[in-house]
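[1] sequence plus the predicted model coming up.
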Amino acid sequence: MPYLWTDEPPATKRLKLWPHRSLAPRGFVIFIAITSGFFLFPLFAVLGTTLLWALLPFFIAAVAGVWWALSRNNRDLGIIEELVLTPDQITLTRRDPGGEERHWAANSYWVRVQCQENGGPVENYITLEGGPRRVEIGAFLSPDERAALVDEITRALNRSS
């Protein structure tokens, strides 16, 4: 699972969450090379003709589109959420791909963990409610991982209070 609980003295629990990384940088290069090869193969039939120049922009646009989609996915892997739970306070920090950080804090005694199995933006949508507003956590995890995470966060909150 793409999250990790750590215990820190005195009585502090830390949860770090990150998105799945399904394609390493080397795999990215290999995938683009193979995709380009597959797109180039039909162009061999029109080498030396004016039709090649008519088809070439579409080939370049297709490879650029795949490159952009994979680069965007790779950039989104920069999301990191960190939950720090102490007996007095719970703090959630989310680092977005651009480096922007968003913080949320509340008294851990009053925080409630809620899971919307259906009807949320994603299946098993997890929110923490307490303090000034409600925040989501782990929206990038799979539904099964979010269901397990709800139980783990609830147990951790019950132990800290």
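    Good, I have the coordinates.

[2] isn't Glu145 right up against Pro2?
    Yes: counting by C-beta atoms under 8 Å, Glu145 does reach Pro2; the two are 7.4 Å apart. C-betas here are computed from N, CA, C, even on glycine.

[3] same drill for the two, tell me which one is more crowded.
    Ranked by neighbour count (other C-beta atoms under 10 Å), Glu145 and Pro2 place Glu145 first, with 17 against 14.

[4] so which strand or helix has that one?
    helix 143-160 (DSSP states H and E).

[5] which secondary structure elements does that helix contact?
    strand 3-8, strand 12-17, strand 80-85, strand 112-116, strand 125-130 (3 or more C-beta pairs under 8 Å, 6 or more residues apart in numbering; DSSP states H and E).

[6] worst mean pLDDT among those?
    Sorting the helices and strands packed on helix 143-160 by mean pLDDT places strand 3-8 lowest, at a mean of 88.

[7] mind listing what's buried in the top helix by length along the chain?
    The helix spanning the most residues in the chain, taking DSSP state H as the definition, is helix 50-76. For helix 50-76, burial by neighbour count (16 or more other C-beta atoms under 10 Å) applies to Leu70.

[8] Thr93 contacts His103, correct?
    Yes: counting by C-beta under 8 Å, His103 is a contact partner of Thr93 at 5.4 Å.

[9] these two: which is more packed in?
    Legend: neighbour count by other C-beta under 10 Å for Thr93 and His103, higher for Thr93 (15 against 9).

[10] please name the nearest non-neighbouring residue to Pro143.
    Nearest non-adjacent residue to Pro143, counting by C-beta to C-beta, 6 or more residues apart in numbering: Glu123, 4.1 Å away.

[11] thinking again about what came up before, got the angle for the helix holding Glu145 vs strand 125-130?
    Angle of helix 143-160 versus strand 125-130, following axes from the mean of the first three to the mean of the last three C-alpha atoms, to 10 degrees, is 20 degrees.
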